[in-house]
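Student: Here you go, sequence then predicted model.
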2 protein chains.
Amino acid sequence: MKSETFREIPGGICAPQGFAAAGVTAGIKKSMEPDLALIVSRTPCRAAGTFTTNAAKAAPVYFDLKQMHRPLLGIVANSGNANACTGREGLRNCEAMARLARQAVAGSGRPLGEFAVCSTGRIGVQLPMDRIESGIHEAAARLSETDTTAARAIMTTDTFSKEIAVEFSFGGKKVRIGGIAKGAGMIQPGMSPTGKRPALHATMLAFITTDADLPRPTLQNLLNRSIAQSFNRISVDGDMSTNDTVLFLANSQAKHKKATGKDLATFQAALNHLTLKLALMIVRDGEGISKVVTLKVTRAATQREAEWAVRAIGNSTLVKCSWYGEDPNWGRLYDAFGYSGARFDDAGFSIAYNDIFIVKNGVFCEKSLEIVRDIVKSSSFAITCDLGLGQRDAILYTTDLTEKYVELNKGE
Amino acid sequence: MKSETFREIPGGICAPQGFAAAGVTAGIKKSMEPDLALIVSRTPCRAAGTFTTNAAKAAPVYFDLKQMHRPLLGIVANSGNANACTGREGLRNCEAMARLARQAVAGSGRPLGEFAVCSTGRIGVQLPMDRIESGIHEAAARLSETDTTAARAIMTTDTFSKEIAVEFSFGGKKVRIGGIAKGAGMIQPGMSPTGKRPALHATMLAFITTDADLPRPTLQNLLNRSIAQSFNRISVDGDMSTNDTVLFLANSQAKHKKATGKDLATFQAALNHLTLKLALMIVRDGEGISKVVTLKVTRAATQREAEWAVRAIGNSTLVKCSWYGEDPNWGRLYDAFGYSGARFDDAGFSIAYNDIFIVKNGVFCEKSLEIVRDIVKSSSFAITCDLGLGQRDAILYTTDLTEKYVELNKGE
């Protein structure tokens, strides 16, 4: 938390000037919880985005990839249905959603503009377009610059809504970035700006707004760097979604002077803070979880091996069950980085819980066992697996696996 | 089941002539269940083996890799402790176990010979050598040619012991192969003859005996082919163990004539049958499971992609939870092969439960839904994901994921 360069403020996506939002119940979810969100800027925005690298991409991902190069007025998003594996009809429904949003918003006295579209929910079912249509009209009528309902309307199995905003000096003015996110299960995002690999591995969705005035390539670069250290570094269950999307809209309403290199560094720091906080909210809200674990692999021979090791450990059902059981079963960590494909030095590897070594240079530190037993009782702790070979590190924010996760994911 | 070329018979590893075994309680397990097994031949055997490709290999794996080129009199194995991540002391303990077995067996009036060593259980704890020693002496005194206790003594979380034997004509005589296995959790074996990759991905252990007279390279080739279609094609939880080992001992006691090509084909078919049946027993005894699923990926572009896809689907926690919940949530299968790295044809892929298509050429077959809902209620079913691109197939015998698995793996 660098309070000297930026500070957290309330307001979420509506904190930056010129943004309004609304969340309504369109009836897409059987539960009749809110399921349709609209985010709209006063003026067209430059847009950047990152998209799931899953080869099975939902229709809105394909749609948004094309929209990124156009000025966007806003985003329309629904929960309760992923619009994934829905073929041509799915793509036509995306186009219809964007068109309906454009018309409904223009009807409410705002300019006519393009929309990005996001969906999250069950795969393989066509969207109920009649409900979507009436939901969009209702949301357009309810748009508010102090909205907190959009963050609720994108939730699926989330138990709390996720929002944050930051403020800082930029080009001689106060500039703001706001964000909302959703995600609890099917969480191991691996996004890239093109939806193509290479990149790393919920549906997680995040929408970020700013009133800064930045060229599109700069906006995309700032977003890429922030995603690499936040959403692309979390895993609840190791399942990468068909729909993972982060959209970033900049509407230039802050009317600042040209940004200096120092301004851009501050912007990057603030954006990194905002995206990491949203990503950690998703981890903390992981389906059924009881623990958040910050897992580090250090001194791997290559970056790929560091990645393999950290994801093999963080996604091992046996490792995750032992975290749940508060059992410092480091043998399961050892087994997992062993099969990950990463090389390690048998006489040089170490494993530490917080700062306490349970294995040091390949030797079990039995005297640490009682302290480590206490560490694994906390609701969050860190584990470092030092492979003792090279200079490459990787981090993953992950969770335990509980009976409740299984119960939650048994049925629809 | 090719009853024309071989038939199943009782007797397990003692079915082939000249083999005796025993299982005893040495006190390695706190539960005081049987935990030490001894398998001994009347005369030295040629040996073949396959070993975990996990880079984190337990001491007995390193020890056995060296023993494979020597004539072996038998195998000594313990459960309750994996002797993994135990450094030099672990290796010395393997040597001591083999030496103790050699001496104890010779003391019981049998020839002096070499032993292979296997362990399974918790990682990172040194073996209690005093208990191992007295256990080995007790087992040597109890060796029996009608033993059924060795199969019990290698069990960990297994709920039933696993044994099988087959008999067939070979070089003009009746020849037999017998086998026992253990495994229920940490099950996604990937073994190779050298313990080195490439190979695919419990501890699972299996010991196979035969009274055939075969050169060592032939024995190893027969074993490799049988492992490739059995133990290396199962997964309960996606965790490859530090200890996975299959040992195959041939003591030449059947005194048959030189084998013909047809004899060897019969032997391979019988061995494939035996290893697949043992592997499927492990799947059926998977920790806490309620369903066995035969998962096939067909028409992948490359063999690697077929592998990636079948293991991504079979190890997805979301897919496994939906199987448990009897929810035909094919969207999760689609998501999983999508992120596996395998390519597929959006308009050419299909998904079938048993023989019923739920997606055909990219289109959801809504009318199949009720039939598929019934299929996923059975305790075992097949799923085929046809990627619609190439000609490569892969199969994986796998399971659902239940609250009971989580409960079983919470603690020690």
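Tutor: Noted; the coordinates are in hand.
Student: Residue A:403 reaches residue A:288, doesn't it?
Tutor: Yes - the criterion here is C-beta atoms under 8 Å, and residue A:403 meets it with residue A:288 at 7.4 Å. To be clear about C-beta, it is placed using only N, CA and C from the backbone, and glycine gets the same treatment.
Student: These two: which has the busier surroundings?
Tutor: The neighbour comparison of residue A:403 against residue A:288 (other C-beta atoms under 10 Å in any protein chain shown) goes to residue A:288, with 22 against 17.
Student: The nearest residue to that one once chain neighbours are set aside and residue A:316: what is the separation?
Tutor: Nearest residue to residue A:288, sequence neighbours excluded (C-beta to C-beta, 6 or more residues apart in numbering or on different chains): residue A:404, at 3.1 Å. Applying C-beta to C-beta, to the nearest Å, the value for residue A:404 to residue A:316 is 19 Å.
Student: quick one, which of the two is more surrounded?
Tutor: The residue with more neighbours, out of residue A:404 and residue A:316, is residue A:316; 25 against 15, by other C-beta under 10 Å.
Student: Tell me who's in contact with residue A:78.
Tutor: A:26, A:28, A:35-37, A:97, A:118-121, A:127, A:132, A:135, A:153 (C-beta atoms under 8 Å, 6 or more residues apart in numbering or on different chains).
Student: Show me just the buried residues among these.
Tutor: Buried members of the contacts of residue A:78, counted by 16 or more other C-beta atoms under 10 Å in any protein chain shown: A:26, A:28, A:35-37, A:97, A:118-121, A:127, A:132, A:135, A:153.
Student: For my notes, please list the residues you listed in TSV and give pLDDT and distance to residue A:46 for each entry.
Tutor: What follows is these, written out as TSV (pLDDT from 0 to 100; distance: C-beta to C-beta, whole Å):
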residue	pLDDT	distance to residue A:46
A:26	98	29
A:28	96	30
A:35	97	28
A:36	98	25
A:37	98	21
A:97	98	21
A:118	97	18
A:119	96	23
A:120	95	25
A:121	91	29
A:127	97	28
A:132	98	27
A:135	98	27
A:153	97	25
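Student: Show me these that map onto helices.
Tutor: Judged by DSSP state H, the buried ones among the contacts of residue A:78 include A:97, A:132, A:135, A:153 as members of helices.
Student: Thought residue A:34 was touching the last one, still the case?
Tutor: Yes - in this structure, residue A:153 is within contact of residue A:34 by C-beta under 8 Å, at 3.9 Å.
Student: what sits in contact with each of those two?
Tutor: With contacts taken as C-beta under 8 Å, 6+ apart, residue A:153 and residue A:34 have A:23, A:24, A:25, A:79 as neighbours in common.
Student: now, the most widely separated pair of the residues you listed?
Tutor: Put simply, by C-beta to C-beta the two of these set farthest apart are A:24 and A:79, 11.5 Å from each other.
Student: So between those two, which is more surrounded?
Tutor: residue A:79 (28 against 23).
Student: nearest residue to that one other than its sequence neighbours?
Tutor: Spatial nearest neighbour of residue A:79, excluding adjacent residues (C-beta to C-beta, 6+ apart): residue A:35 at 4.8 Å.
Student: The residue nearest to residue A:288 and residue A:324 touch, don't they?
Tutor: No - at 9.6 Å, residue A:404 does not count as touching residue A:324 under the criterion of C-beta under 8 Å.
Student: Report how many residues lie close to residue A:255.
Tutor: Residue A:255 is flanked by 12 other residues according to other C-beta under 10 Å.
Student: Please tell me I have it right and it contacts residue A:175.
Tutor: No - using C-beta under 8 Å, residue A:255 is not in contact with residue A:175, being 10.0 Å away.
Student: Quick check: bridge partners of residue A:392?
Tutor: residue A:300 (DSSP bridges).
Student: and it, what is it in contact with?
Tutor: Shown in contact with residue A:392 (C-beta under 8 Å, 6+ apart): A:299, A:300, A:301, A:302, A:303, A:305, A:306.
Student: what's the most distant pair in those residues?
Tutor: With C-beta to C-beta as the measure, no two of the contacts of residue A:392 lie farther apart than A:299 and A:303, at 12.0 Å.
Student: Which one of these two is surrounded by more residues?
Tutor: Higher neighbour count among residue A:299 and residue A:303: residue A:299, with 20 against 13, using other C-beta under 10 Å.
Student: contacting residues around that one?
Tutor: A:386, A:387, A:388, A:389, A:390, A:391, A:392, A:393.
Student: Tell me the most packed of these, by neighbour count.
Tutor: Within the contacts of residue A:299, residue A:387 tops the neighbour count with 25 neighbours, counted by other C-beta under 10 Å.
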